[in-house]
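>>> Next comes the sequence, and after it the predicted model I'd like to discuss.
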Amino acid sequence: MVGSRLRLGTVPYLNAKPLTLALEESQAAELIVMPPSQLAGALEANALDGALVSTFAMFQLQGAVYVPGVGITSAGPVESIRLYCRKPVDTLRRVGLDSWSLAAANMTRVLLKRRWGVTPEFVPIDPEAPPRADESLDAFLLIGDNALREPPGDLYVMDLGDEWTAYTKLPFVYALWVFRPGAGDAAASRMLRAAKEEGVSRIGEIIQGAAKSHPWLDTAQVRAYLTACIGYDVGPREEEGLKKYYEWLVEDALVPDIWTRGRLPGGEEREKITVSTPSSLNPEVPAVDESLFYAEAYELSERIRKKELSPVELVDALLARIGAHNDDIFAFNEVAADHARIAARAAGEEIAAGKYRGPLHGIPYGAKDIINTAGIKTTNGSILFKDHVPAEDAVCIARLKAAGAILLGKTNTHEFAAATTTINIHYGTTRNPWNRERIVGGSSGGSAAAIAAGMAPLTLGSDTGGSIRIPSAFCGGGGLKPTHGRVSLTGVCPNTLSLDHIGPMTRSARDAGLMLQAIAGYDPKDPHSRKTPVPDYLADIEKGAKGLRVALSPEAWGRSEMDADVAAAFDAAVDVFRGLGAKIEERPFPFYDRIMKVAGPILASEFLEFHRPLYEKHPESYGPEIVNRLGMCFDAKVDDYVRALRERRLLHREVGEWFKDCDVLLTPGVQVTAATIEGLKVMLNGKETDWLWLHRPFSLPHNLTACPALVTPMGLAKDGLPVSLQIVGPKWGEAKVLRAAHAYERATPEIRAKRPPGF
């Protein structure tokens, strides 16, 4: 202590600034800046009275006391504690650790051992010269400003703050104000608490300073980092996380079993400073605009183009939304927060520089977890792929990236996308936002739930027998299965390749057109892709339904029974088209029985072709539902498959001729509302009925004919759950389908304005 002034040590990192800004101007303290690894030694040598030290260092300081209520913490992504990986985490053998960081380095050891079961060799690295070129390292850790300025490049970056919280369900405490024995008192505690409150209230000033000292960061990134990612409060939950970290360090013999929790007096009546809502700290920061959660992508795009909304603001809002609701719904099984924020910052910089790529630039989306995403885990819904991190994007992802769209994460799916419930025995059940006891449908269930819960304006799904349309219908969203061959399947886990489709899941037909515009097109690597011109899908979308030739035919769904609520809503939808000037005509659809007959051999043979080698090698890794389906597939006969392919080719021609006399066909999306999770039962005209395979008459025919089919909401049934209209068009006729759907949506705004209860 110099006279009556406290000598306090701090770190040269931006995240400490809210705790130290006021102290820089204080006559009661002298601040000494050191690398974090040196502060504990300075305390032990009595060179400092107190210091902002790592929790790991504190555990080794006998007799030290900390200031309650003041520290650097997080309860989720922290952005500046990053492990840069060259290979899957559970295969790491040699890891470089930032030699300045004690808390983060040892948190890395603890997490790798407990969460992934690996104990690699750890070697020190220079944090100011990241060893990206050192291929002897499977991964390396960076913290603080060194991590903020190091781009991921082709490495997979893991946010350890996010991983800690996901694993322990507790916050992590990175650093605390700690005093050596004999130093500090209640007055010192009050001073540090007051300095925190003042510093946090001056976040705007800190951001302006950071723009000069950290030119590689934009101000929006700094604001998010200092308010949404980093916390400055240490309360009961943080102390619980502190205790858990200490217990694991002791178990692993990383610290001696000597620490006794000592608090400096003067902090008992602390007031929690909330940093997760920036507007509470700085009046110039607007609160999150909740209208963003249910806005169409088209509307968000216009705001971004006009620079009324930044991609960073939009991404941060949606990540917060996911954080608030995903535990309840489980739409996302992998949230790529770091990737999304980096992409949002890049999009913002490009747009500001006049390099606007088009209407998807800066628009976030989610992707079904069977679609490869470079550097982001893709499990295919299977335990066999639990650590699969693709090296390359699927073609559809690459095209969205080229359009400037921003991936938020991967959405939950059924195991191998092989059923219509999204009850995944390996990863969890996605619940319907309209009723948590009901399924979302499948297998693109997470994608539909994300749209319904306001977590993303756009998502990608896949559809082999209804897997885009069924969950969209059950969740009150929109979903388009394009013409087979319109969107590349390269990089997508196969189900039944000649029936598989990738397509948009959205809030509107117009948004589906925006997304399809980006992903459509020929891919020479995909044998099912077709070199057919891609039109402008929005060119005629505002033409309305007047003059459209609209066909009705109960034969198109084999005259299968339809629930009365669905039938009433369908009749009302037909009346809307009639009122818009469409030409309604009832026509026979003589192909249904032949379509359903050829479906079985094709589904069985192609599903088996992909799974046989995996199943024979790893039968224990398959869930019983998929094992049962494979059992039926083993009975498939090659002769039946070949005959089915020939018959399907004829059906394509005949259905093409049928559509020459009409523009679109209307059917219900599904004949019932969502089934119960428990027992998978639906009510069909007052009778309890099994859900399994019930959907097939309404969705599967259009996979076999390769025709585009879209679902859009047509209201709620008496049980409060959504029902849906399906619009089918001729091959390559997506523009007609989108035009018809857009006309219906604009005529029925009250339907699309409905939200799930609580959202």
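Yep, that arrived. Residues are numbered from 1 along each chain as shown.

>>> Show me where the stretch 651-759 of the chain dips below the pLDDT cut-off.
The model of the stretch 651-759 of the chain has no residue with pLDDT under 70.

>>> could you pull out the helices for it?
Under the criterion DSSP state H, counting those that start in this stretch, the stretch 651-759 of the chain contains helices at 696-699, 701-704, 734-747, 749-752.

>>> now swap in the stretch 151-300 of the chain and tell me
Remark: helices assigned in the stretch 151-300 of the chain by DSSP H, counting those that start in this stretch are 160-168, 186-201, 203-213, 219-224, 236-251, 297-305.

>>> Can you tell me which of those has the worst average pLDDT?
Here the lowest mean pLDDT among the helices of the stretch 151-300 of the chain goes to helix 219-224, at a mean of 75.

>>> Enumerate every residue touching L408.
Neighbouring residues of L408 by Cβ atoms under 8 Å, 6 or more residues apart in numbering: 315, 318-319, 322, 332, 335-336, 340, 364-366, 455-456. In this view, the C-beta of every residue, glycine as well, is placed from N, C-alpha and C.

>>> can you do 6 Å?
Neighbouring residues of L408 by Cβ atoms under 6 Å, 6 or more residues apart in numbering: A340, P364, G366, A456.

>>> E647 too?
V598.

>>> any idea which element it lies in?
E647 is part of helix 638-658, with elements assigned from DSSP states H and E.

>>> Buried ones in that helix, by neighbour count?
Going by neighbour count (16 or more other Cβ atoms under 10 Å), the buried part of helix 638-658 is D640, Y641, A644, E647, R648, L651, H652, V655, G656, W658.

>>> ok, of these, which one's closest to I602?
A644 (5.1 Å; Cβ to Cβ).

>>> What's the separation between the closest one and L710?
Using Cβ to Cβ, to the nearest Å, A644 is found at 26 Å from L710.

>>> Repeat that for T260.
65 Å.

>>> Tally up the residues packed near the closest residue to R643 other than its chain neighbours, please.
Distance criterion Cβ to Cβ, 6 or more residues apart in numbering; nearest residue to R643, sequence neighbours excluded, is P601 at 7.5 Å. If you count neighbours by other Cβ atoms under 10 Å, P601 ends up with 21.

>>> Please apply the same query to the one 10 residues further on.
Counted with other Cβ under 10 Å, the neighbours of H611 add up to 19.

>>> What helix or strand is the residue lying closest to it once chain neighbours are set aside located in?
In space, and not counting its chain neighbours, H611 is closest to L630: 6.0 Å by Cβ to Cβ, 6+ apart. Per DSSP H and E: L630 is located in helix 624-633.

>>> picking that back up, mark which of the contacts of L408 are part of helices, please.
In this view, the contacts of L408 that belong to helices under DSSP state H are A340.

>>> Could you identify the buried members of the contacts of L408?
Buried among those by 16+ other Cβ under 10 Å: A340, P364, G366, A456.

>>> quick check, nearest of those residues to S301?
P364 (11.3 Å).

>>> beta partners of the closest one?
Beta bridges link P364 to I406, judged by DSSP bridges.

>>> Now do it against M455, distance only.
To M455, P364 is 9 Å away according to Cβ to Cβ.

>>> same thing with K617?
Distance, K617 to M455, using Cβ to Cβ: 36 Å.

>>> Which one's more surrounded, those two?
Higher neighbour count among K617 and M455: M455, with 30 against 9, using other Cβ under 10 Å.

>>> Contact partners for the more buried one?
Counting by Cβ under 6 Å, 6+ apart, M455 touches R321, I322, A331.

>>> which residues of the chain score low on pLDDT?
Looking at the chain by pLDDT under 70, you get 1-4, 266-288.

>>> following the host helix or strand of G409, which helix or strand comes up?
Assessed by DSSP H and E, G409 sits inside strand 406-411. Using DSSP H and E, the helix or strand that follows strand 406-411 towards the C-terminus is strand 423-424.

>>> hang on, the earlier thing: check the helices of the stretch 651-759 of the chain for me and report the most buried one.
Greatest average neighbour count among the helices of the stretch 651-759 of the chain goes to helix 701-704 (a mean of 27), per mean count of other Cβ atoms under 10 Å.

>>> Report all helices and strands that it contacts.
If you count contacts as 3 or more Cβ pairs under 6 Å, 6 or more residues apart in numbering; DSSP states H and E, helix 701-704 packs onto helix 592-617.

>>> by contact count, what packs against the helix it packs on?
Under the contact criterion of 3+ Cβ pairs under 6 Å, 6+ apart, helix 592-617 touches helix 624-633, helix 638-658, helix 701-704.

>>> Using CSV, lay out those together with distance to L692.
Listed next are the helices and strands packed on helix 592-617 as CSV, based on distance: least, Cβ to Cβ, whole Å:
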stretch, distance to L692
helix 624-633, 10
helix 638-658, 22
helix 701-704, 18
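
>>> and stretch 563-581, which residues are buried?
Buried residues in stretch 563-581, counted by 16+ other Cβ under 10 Å: D563, D565, V566, A568, A569, F570, A573, V574, V576, F577, L580.

>>> Could you tell me which of the residues you listed are located in helices?
With DSSP H as the criterion, helices contain D565, V566, A568, A569, F570, A573, V574, V576, F577 from among the buried residues of stretch 563-581.

>>> So between T260 and L710, which is more surrounded?
Neighbour totals were compared for T260 and L710, and L710 leads with 30 against 8 (other Cβ under 10 Å).

>>> For the residue nearest to the more buried one when sequence neighbours are not counted, give its distance to P457.
Leaving aside its sequence neighbours, L710 sits nearest to L480 (Cβ to Cβ, 6+ apart; 4.4 Å). Using Cβ to Cβ, we find L480 at a distance of 15 Å from P457.

>>> packing partners for the strand or helix carrying the residue nearest to L710?
Using DSSP H and E, L480 maps to strand 478-481. Under the contact definition 3+ Cβ pairs under 6 Å, 6+ apart, strand 478-481 sits against helix 469-475, strand 501-506, strand 709-716.

>>> what's the most buried one of the ones you listed?
Comparing the helices and strands packed on strand 478-481 by mean neighbour count (mean count of other Cβ under 10 Å), helix 469-475 ranks first with a mean of 35.

>>> Not counting it itself, show me its contacts.
In this structure, residues lying in contact with helix 469-475 by Cβ under 6 Å, 6+ apart are 420, 440-442, 444-445, 448-449, 452, 478-479, 505, 669-670, 674, 695, 699, 711, 724.

>>> Not counting its neighbours along the chain, what's nearest P130?
Distances taken as Cβ to Cβ, 6+ apart place E150 nearest to P130, at 5.3 Å, with adjacent residues excluded.
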